[in-house]
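**Student:** Could you look at this predicted model? Sequence included:
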Amino acid sequence: MHQGYPTETLARFLKARDWNVAKAHKMITDCLQWRVENEIDNVLSKPIPLDVYKALRDSYLIGMSGYSKEGLPVIAVGVGLSTFGKASDKYYVQSHIQMNEYRDRVVLPTASKKQGCYTGTCVKVLDMTGLNISALNRQRLLTAICTIDDLNYPEKTDTYYIVKPPYVFSACWKVVKPLLQERKKV
């Protein structure tokens, strides 16, 4: 889980709980329990059936698109054009966890070697092109994904960039914003 950086991992959980040691301790304990119960350490070796995988890739548009000027991996998400309706929520969640684990086990260590120092976060570009009111139908799935990220992969995104937000974005943002913890750069 700490990928050789236990101090940085503990700091992420502390920061996620506003430096409250008791809350951070509970969070990391719950995270470790979640990892064991869901066999997260083996999740990359659990393939998604090929037909389901193709449906996921066609309907959940996400991928690494390079590095920022600061050397952070940039992950692009086609939020507006992702349809999410071609597989069960279970497979979207599994795919999302696999992407998180791949980021943590491969992408971030590669960035650390490239930079010559620890790199523990990425930049996410959320492309809202095509987003419409039907996105609210995905609320349950998106809430599940955001909850997994918030509780088990805290402080892994340095910056979010929102590209081409349509008018309907403000309605969707009202749903998503409470799930995110605002952080100020220090």
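**Tutor:** Looks like it came in fine.
**Student:** What mean pLDDT does stretch 148-155 get?
**Tutor:** Stretch 148-155 shows a mean pLDDT of 96 in the predicted model.
**Student:** Contacts for stretch 149-156 next, please.
**Tutor:** Stretch 149-156 is contacted from outside by 12-13, 15-16, 27, 30-31, 34-35, 40, 100, 103-104, 120-122, 179-181, 183, using Cβ atoms under 8 Å, 6 or more residues apart in numbering. Every C-beta, even on glycine, is put in place using the N, C-alpha and C of the backbone.
**Student:** which helix in this protein runs the most residues?
**Tutor:** Using DSSP state H to define each element, the chain has its longest helix at helix 21-37.
**Student:** what's the average pLDDT for that helix?
**Tutor:** Confidence for helix 21-37, expressed as mean pLDDT, is 97.
**Student:** Now do the helix or strand that comes right after that helix: everything it contacts.
**Tutor:** Moving toward the C-terminus from helix 21-37, the next helix or strand (DSSP states H and E) is helix 50-59. If you take Cβ under 8 Å, 6+ apart as the criterion, helix 50-59 is touched by 47-48, 82-87, 91-92, 95.
**Student:** Next, give phi and psi for Asp127.
**Tutor:** Dihedral pair for Asp127: phi -90, psi 120, per degrees, to the nearest 10.
**Student:** What is the neighbour count of the nearest residue to it once chain neighbours are set aside?
**Tutor:** Computed as Cβ to Cβ, 6 or more residues apart in numbering, the closest residue to Asp127 that is not its neighbour in sequence is Val163, at 4.7 Å. Val163 has 14 neighbours, counted by other Cβ atoms under 10 Å.
**Student:** again with Met27
**Tutor:** Neighbourhood size, Met27 [other Cβ under 10 Å]: 20.
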